[in-house]
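*Asks:* Fold the following and give me the result.
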Amino acid sequence: MSDAATPTGHSLHTLYRDHGSWLEGWLSRRMGNAWDAADLRQDTFVRVLSSSQQIADMHEPRAYLLTVGKRLLSNFYTRRNLEQAYLDALASLPEDSVPSPEQRWLLLETLQALDELLDGLPTLVRRAFLWSQLEDVGYREIAERLEVSERTVKRYMAQAYEHCLLVDF
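*Replies:* Residues are numbered from 1 along each chain as shown. Got it, this is the predicted structure:
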């Protein structure tokens, strides 16, 4: 089905034509990189296309695009910081322990997925969950590290497990 034949196809085209350059300029000023800004502009419109928001009913299209663009920009910087932390950790490994480029890519993808999965949890809950799951730290030690009771750590873990089960991918 062509864009013109879909009810929102023409509206999306109009939205892209009228506001795409503006959005890319806004992103470029914040990022200082035209290539990444162009990618995020495209990602923004893909998100708009896949959202439940009716394009034809948008009263403030720039505000909507800006909201989606800001979220993607935040995700971009979160991912960049995560990648840098991972690369810093790799630099401290002995040379014979450094993973291959393919393994690095898989690990970064896994870290990104884990970060997205835990997004929205309070910081202490995230820390407790990550220490427990990734470092095999017991509840007593987590309680000491966080300066809370073991009972609180159990509540944190229950909250994290519930969050993981209810997250919608």
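*Asks:* what about the residue nearest the centre of the chain, distance to residue 35?
*Replies:* Centroid-nearest residue in the chain, with CA atoms, centre = their mean: residue 75, separated by 4.0 Å. Noted for residue 75: a distance of 17 Å to residue 35, by CB to CB, to the nearest Å. For glycine as for every other residue, the C-beta is placed from the backbone atoms N, C-alpha and C.
*Asks:* Enumerate the positions of the biggest helix by length in the chain that are buried.
*Replies:* Counting by DSSP state H, the longest helix found in the chain is helix 61-91. Neighbour-count burial for helix 61-91, counted by 16 or more other CB atoms under 10 Å, picks out 61, 64, 65, 66, 68, 69, 72, 73, 75, 76.
*Asks:* does the second one really touch residue 58, like I thought?
*Replies:* If I follow you right, that is residue 64. Yes - between residue 64 and residue 58 there is a contact under CB atoms under 8 Å: 5.6 Å.
*Asks:* Quick one: work out the angle between the lowest-mean-pLDDT helix or strand in the chain and helix 61-91.
*Replies:* Counting by mean pLDDT, DSSP states H and E, the chain has its least confident helix or strand at helix 101-118, which shows a mean of 83. Angular relation of helix 101-118 and helix 61-91 on a 0 to 180 degree scale: 130 degrees, by axes from the mean of the first three to the mean of the last three CA atoms, to 10 degrees.
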